[in-house]
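J.: I'd like to go over a predicted model; first the sequence, then the structure.
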Amino acid sequence: MIIIRKFAKCLISICFVISIVGCRSNDNGDISSVMSQDTAQSPYHSDTDYQYFFHSQGRGQGIAASADGYYILNGSYLYYMDKQNMEPILLDNNPNNDCTPNSAAHVPRNCNAFVQTDAELVATATITYYKNNLYLVERIERTDKDALMNKQYALIRMDKDGTNRKVLRKFDAPPYPVVIHRDQIYYVNNLMTVDQVAKPSVVSVPLANPDKEPVILYTLGPDDSVNDLIAYGNMLYVMDYGNNMFRTIGYDINTHETTVLFTDDKGNLSISGIPEIGLSHQFKGGVAIYGIYGSRLYSNIFPGDQTDPASWRIYNSDLGGQDVSIVPVNLPLVSWAYADQRYFYLNPVSWLIKSPDYADVAQEMVVYDLNYKEVNRVDISMLTNYSKGLVGDDRYMFFQATETGDSDTQRTYVLDKSQLNVRGGAELKLLMETAVYATN
């Protein structure tokens, strides 16, 4: 099933779109206007850096941006949306191709916009725009007969119109999230072995030589997994999950030093100067980065009990987890936090706000200015239990929501930030609803 405004003119319009997305000559499409954080005070550089403002925790990028438009991975399809008309169209420029996403019984095979997924990739598929090319991860069939499993995954590079797909590197297990940053590919090396005891690791390979032997940056325990991977400036942040506890690791890509955020010299979870957090050495929760703005991190420290108000706090720190303060806002339960150059956003996590236990909590995202004064509230009741926000660029914020059931679908919503200064004027608008074709 698909719901997209004016999609009847998709194939007629695609030639016009291709002429637009191919008109820039700079290496990275001159996308300095994508986010105004690209300043002397920010460690973010638009021509070489990962688009962290389109990052969704645990997934990577569901949306990427060039100077002219957005590339949206929704369900099993890739769309392009020009910034002028904001009408998404399938990224396929051949009118003879089969690109009709209408039912699970009819899976397109001859379509540049189709992305092959499986159960592991449904919620973790990633699209990245980097130096005039698109990159995504999809499932491929393995051809060697002696393989442990009958499927592989591949990092694909393609032109901006969806053509000229090329496999850059193959993986035996989902490598998500994949982060392309400053000419390096960072990913999780989930080794597949017969005894299943190999330790996963975070590794890097040069984008110019993707078949090169990967360099190991950080190794996890055999029972651990990576729940998130994001690059910002000189830092690579890894969420390491295991044994009922998760922690965030900071890896400096210049000095190769590794630190555990929000810990003391003995490795115990600690926030200097904020004793009232009340954490003990038996802490079984975790630390997660929710948002980044300028040279500051917005993080949640979860003591392990979602009903404990201490779990609801958001902390502001420097990029190393130091110089910490509590964000002075009132939260009704555990909430996602986002920040950009004008606003700070809070919305309750989707799987809790839909619970009957929190029926009295308004299904709203609260928007503050950077002095934490409330400026607006946005209805988010249409989101599903599996929803993630992407803070986006100067103009738009996005949400992607997955509906599970007999046939899975994914929806993408957009919020026009220019309407946030009008009380009651800002709302999430549905851009598309697309079927997810996941194979086992």
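T.: That came through fine. Numbers count the residues shown, from 1 in each chain.

J.: so for the residue lying closest to residue 43 once chain neighbours are set aside, what's the pLDDT?
T.: Nearest residue to residue 43 in three dimensions, chain neighbours excluded: residue 233, at 2.7 Å (C-beta to C-beta, 6 or more residues apart in numbering). From N, CA and C alone the C-beta is placed, and that goes for glycine too. For residue 233, the pLDDT comes out at 94.

J.: before we move on, what about residue 163?
T.: Looking at residue 163, the pLDDT reads 89.

J.: surely the residue nearest to residue 43 and residue 297 touch.
T.: No: taking contacts as C-beta atoms under 8 Å, residue 233 lies outside contact range of residue 297: 11.1 Å.

J.: so which of these two has more stuff around it?
T.: For the pair residue 233 and residue 297, the greater number of neighbours falls to residue 297 (26 against 20), based on other C-beta atoms under 10 Å.

J.: name the element that one belongs to?
T.: According to DSSP states H and E, residue 297 maps onto strand 296-302.

J.: over to residue 241?
T.: Secondary structure (DSSP H and E) places residue 241 in strand 235-242.

J.: average pLDDT for stretch 316-326?
T.: 88.

J.: same question, stretch 111-122
T.: Per-residue scores along stretch 111-122 average to 73.

J.: now residue 396, nearest residue through space, not along the chain?
T.: Using C-beta to C-beta, 6+ apart, the nearest residue to residue 396 is residue 414, at 5.4 Å.

J.: show me what the one you found bridges to in the sheet.
T.: Beta bridges link residue 414 to residue 398, residue 429, judged by DSSP bridges.

J.: neighbours of it, just the number please.
T.: Residue 414, neighbours per other C-beta under 10 Å, totals 24.

J.: ok, it to residue 72 distance?
T.: 10 Å (C-beta to C-beta, to the nearest Å).

J.: same deal with residue 353?
T.: Counting by C-beta to C-beta, the gap from residue 353 to residue 72 is 24 Å.

J.: that older thread, what's the overlap in contacts for residue 233 and residue 297?
T.: Taking C-beta atoms under 8 Å, 6 or more residues apart in numbering as the criterion, residue 233 and residue 297 both touch residue 319.

J.: circling back: quick check: the residue nearest to residue 43 vs residue 49, distance?
T.: Residue 233 is 8 Å from residue 49, by C-beta to C-beta.

J.: next SSE downstream of the helix or strand bottoming out on mean pLDDT in the chain?
T.: Scoring the helices and strands of the chain by mean pLDDT, DSSP states H and E places helix 10-21 at the bottom, with a mean of 32. Using DSSP H and E, the helix or strand that follows helix 10-21 in sequence is strand 55-56.

J.: listing partners with orientation, what would you give for the helix or strand that that next one is followed by?
T.: Once the chain leaves strand 55-56, the next helix or strand it forms, by DSSP H and E, is strand 60-61. The pairing partners recorded for strand 60-61 under DSSP bridges are strand 55-56 (antiparallel).

J.: so how far is the strand it pairs with off the chain centroid?
T.: 2 Å (C-alpha atoms, centre = their mean, to the nearest Å).

J.: for the record, mean pLDDT for it?
T.: The model assigns strand 55-56 a mean pLDDT of 88.

J.: show me where pLDDT drops low in the stretch 201-350 of the chain?
T.: 243-244, 264-285 (pLDDT under 70).

J.: make it 80
T.: Within the stretch 201-350 of the chain, the stretches with pLDDT under 80 are 221-223, 242-246, 263-286, 302-311.

J.: count of neighbours near residue 230?
T.: Residue 230 - counted by other C-beta under 10 Å - has 23 other residues nearby.

J.: correct me, but it touches residue 290?
T.: No: the criterion here is C-beta under 8 Å, and residue 230 misses it with residue 290 at 10.8 Å.

J.: shouldn't residue 352 be within a strand?
T.: No: counting by DSSP: H, G, I helix; E, B strand; the rest coil, residue 352 is located in no strand; its state is helix.

J.: hang on, isn't it packed against residue 336?
T.: No: in this structure residue 352 lies outside contact range of residue 336 using C-beta under 8 Å: 10.6 Å.

J.: who has more neighbours, those two?
T.: Using other C-beta under 10 Å as the criterion, residue 352 and residue 336 rank with residue 336 on top: 23 against 16.

J.: for the helix or strand hosting residue 411, enumerate the helices and strands it packs against.
T.: Element membership of residue 411, judged by DSSP H and E, is strand 409-416. With contacts taken as 3 or more C-beta pairs under 8 Å, 6 or more residues apart in numbering; DSSP states H and E, strand 409-416 sits against strand 69-74, strand 396-403, strand 428-435.

J.: just the buried positions in the last one, please.
T.: When you say that, I think you mean strand 428-435. 428, 431, 432, 433, 434, 435 (16 or more other C-beta atoms under 10 Å).

J.: pick the one among these closest to residue 78.
T.: residue 434 (10.2 Å; C-beta to C-beta).
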